[in-house]
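*Asks:* with the sequence up front, the predicted model follows.
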Amino acid sequence: MTLAHELEDARARALAAIDAAAGALRELSMSIHEHPEIAYEEHHAHAVITEFLERRGFAVTRGAFGLPTAFRAVAGHGAPTLAVLCEYDALPGIGHACGHNLIAAAGVATGLALEAVLGEGNGTVVVLGTPAEERGGGKVDLINAGAFEGIDAAMMLHPSGGRLIRAGQVRVPAKPNAIQSLRVEFFGRNAHAAGAPWDGVNALDAIIQAFNNVAMLRQQMRPQARVHGIITEGGRAPNIIPDHTAAYFYVREENLARLEELKPRVLACFEGAAQATACRLEHRWDGNAYSDMQNASALVDAYARHAQSLGLEPSELQQVGGGSTDMGNVSYAVPAIHPSFGLDSPDAGNHTPGFTAAAATEEAHAETLRAAKALALTALDAYANEAVLADAKREFEERRLAAAAAGD
Ligand SMILES: [Zn+2]
Ligand SMILES: [Zn+2]
């Protein structure tokens, strides 16, 4: 019996598998939430998720693809092969303020649902543990290490809060921006700030001037571009003219090509500040650049349909600009989707302590499982109906050829 012939029955069994594991998935999610770990240091999350999947029959590779906190967990047999991605890194100081504990639970839930129905020869599911989404770009490391070779499509979910979305809503397709981070340092000369300020070369003035230059650049940027930063070193005492300061900036644009156009304009803000203050500038474009997200339309359509069948509505306000994700890079490697689902957290969007609290509620867990059910049904369509993946691959190839032609 193939999946196509018993699709209704397979759908019911997939959803039942998620319901049956709801309590265990809640424990897994809370264990990750209670042990927040930042990028590339997610050892607890890696241990508990891999143990969970191994106990439920997945063939697990720990520390996969040369990354100590990545994993690959496989169930089913034969083609096609779909990847369901988990993230589990937290933010410095404010814990799971992006709800990646819920992403891990959603990925595992989807994996369990598919494992329950794939059986012999209907296809393979790879639950892929992807470290370091918040900083660094673990998925780019995984792409470079070959983790997506032999994968027909990749999918994951992300929780969202704030006023643009609420519980019971999904945003699909989401349009995250391309991003790269910039580290800068200014070097000046110390002097007594009252006794002999004319002997100093003020590295703090350089940073403040650079912030003002960026503020002026913002008026001339495209609507989806974002530039924002913090001062990581601003001097040692008010009576010492600072001889060394440092800042950390994120530069975001609609796609990688636009990002490459914006980067020199942002850097010029720092170079101009260095010249005006007689400081020396050092800079470094940091980590992996994140691509924008290319959503696979066939999978987006399937997700939207199944979300609706489970009572989820599209959020009326579509996100413009906003965040970025290394899932964007995956979407340039294989057909991919990255739907967001809402949590009731109107006063606390992602990356705030209020969202950390929202990501630990029973309600958030219920929304996570509902969104995961829609993802499992989407994957089932792809396993049961060859046309779904064929459409996704055709669109992927068309985009690739169009991008190559534009680059010539
Ligand atoms: Zn996130
Ligand atoms: Zn985040």
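*Replies:* Okay, I see it. Ligands and ions are numbered 1, 2, ... in the order given.
*Asks:* how far does stretch 238-257 sit from its chain's centre?
*Replies:* Centre-to-centre, stretch 238-257 and its host chain are 23 Å apart (Cα atoms, centre = their mean, to the nearest Å).
*Asks:* start to end distance for it?
*Replies:* Stretch 238-257 stretches 42 Å from its first residue to its last (Cα to Cα, to the nearest Å).
*Asks:* buried residues of it, list them for me.
*Replies:* Buried residues in stretch 238-257, counting neighbours by 16 or more other Cβ atoms under 10 Å, are found at 241-247, 249-256. Using the backbone N, CA and C atoms, a C-beta is placed for each residue, glycine as well.
*Asks:* now, these that are in strands?
*Replies:* 244, 245, 246, 247, 249, 250, 251, 252, 253 (DSSP state E).
*Asks:* between the residues you listed, which sits nearest residue 310?
*Replies:* residue 252 (32.2 Å; Cβ to Cβ).
*Asks:* for the spatially closest residue to residue 332 that is not a sequence neighbour, what are its contacts?
*Replies:* Leaving aside its chain neighbours, residue 332 sits nearest to residue 291 (5.4 Å; criterion: Cβ to Cβ, 6 or more residues apart in numbering). Counting by Cβ atoms under 8 Å, 6 or more residues apart in numbering, residue 291 makes contact with 178, 255, 256, 328, 329, 331, 332.
*Asks:* tell me the secondary structure for the first one?
*Replies:* For residue 178, the secondary structure call by DSSP: H, G, I helix; E, B strand; the rest coil comes out as strand.
*Asks:* cool, the fourth one as well?
*Replies:* In the three-state summary, residue 328 is assigned as helix, counting by three-state DSSP.
*Asks:* what's it in contact with, if anything?
*Replies:* Contact analysis of residue 328 by Cβ under 8 Å, 6+ apart lists 176, 178, 290, 291, 292, 293, 294.
*Asks:* tell me which two in those are the farthest apart.
*Replies:* Pairwise distances across the contacts of residue 328 peak at 12.7 Å for 290 and 294 (criterion: Cβ to Cβ).
*Asks:* more neighbours, the two?
*Replies:* Taking neighbours as other Cβ atoms under 10 Å, residue 290 and residue 294 compare with residue 290 leading, 27 against 21.
*Asks:* tell me who's in contact with the more buried one.
*Replies:* 137, 140, 176, 177, 178, 179, 180, 324, 325, 326, 328, 329.
*Asks:* quick one: which two of those are the most distant?
*Replies:* The distance between the two most remote of the contacts of residue 290 (Cβ to Cβ) is 15.5 Å, for 140 and 177.
*Asks:* so those two - more neighbours on which side?
*Replies:* Comparing residue 140 with residue 177 by other Cβ under 10 Å, the one with more neighbours is residue 177, at 27 against 21.
*Asks:* which residue packs closest to the more buried one, ignoring adjacent ones?
*Replies:* Among residues not flanking residue 177 along the chain, residue 252 sits closest, at 4.1 Å (Cβ to Cβ, 6+ apart).
*Asks:* mind checking how far the one you found is from residue 208?
*Replies:* Distance, residue 252 to residue 208, by Cβ to Cβ, to the nearest Å: 22 Å.
*Asks:* ok, now residue 373?
*Replies:* Distance of residue 373 to residue 208, given as Cβ to Cβ: 51 Å.
*Asks:* more crowded one of these two?
*Replies:* Taking other Cβ under 10 Å, residue 373 and residue 208 do not tie; residue 373 has more neighbours (25 against 15).
*Asks:* for the more buried one, helix, strand, or coil?
*Replies:* Secondary structure, three-state DSSP: residue 373 is helix.
*Asks:* the chain should start at 438 in everything you say after this.
*Replies:* Happy to do that; since the first residue is 438 now, the last one works out to residue 810.
*Asks:* just confirm it contacts residue 747, I think it does.
*Replies:* Yes: if you go by Cβ atoms under 8 Å, residue 810 and residue 747 touch, sitting 5.7 Å apart.
*Asks:* residues contacting the residue minimising distance to the centre of the chain?
*Replies:* The chain has residue 762 as the residue nearest its centroid, 3.4 Å off, counting by Cα atoms, centre = their mean. Shown in contact with residue 762 (Cβ under 8 Å, 6+ apart): 570, 595, 613, 727, 730, 775.
*Asks:* for it, what are phi and psi?
*Replies:* Here is the backbone geometry of residue 762 (degrees, to the nearest 10): phi -150, psi 150.
*Asks:* distance of it relative to residue 823?
*Replies:* From residue 762 to residue 823 the distance is 29 Å (Cβ to Cβ).
*Asks:* and residue 729, by the same measure?
*Replies:* Applying Cβ to Cβ, the value for residue 729 to residue 823 is 29 Å.
*Asks:* again with residue 750
*Replies:* For residue 750, the distance to residue 823 - Cβ to Cβ - is 30 Å.
*Asks:* and if you look at residue 767?
*Replies:* Taken as Cβ to Cβ, the span from residue 767 to residue 823 is 22 Å.
*Asks:* neighbour count: these two, which is higher?
*Replies:* Counted by other Cβ under 10 Å, residue 767 and residue 823 do not tie: residue 767 has more neighbours, with 30 against 12.
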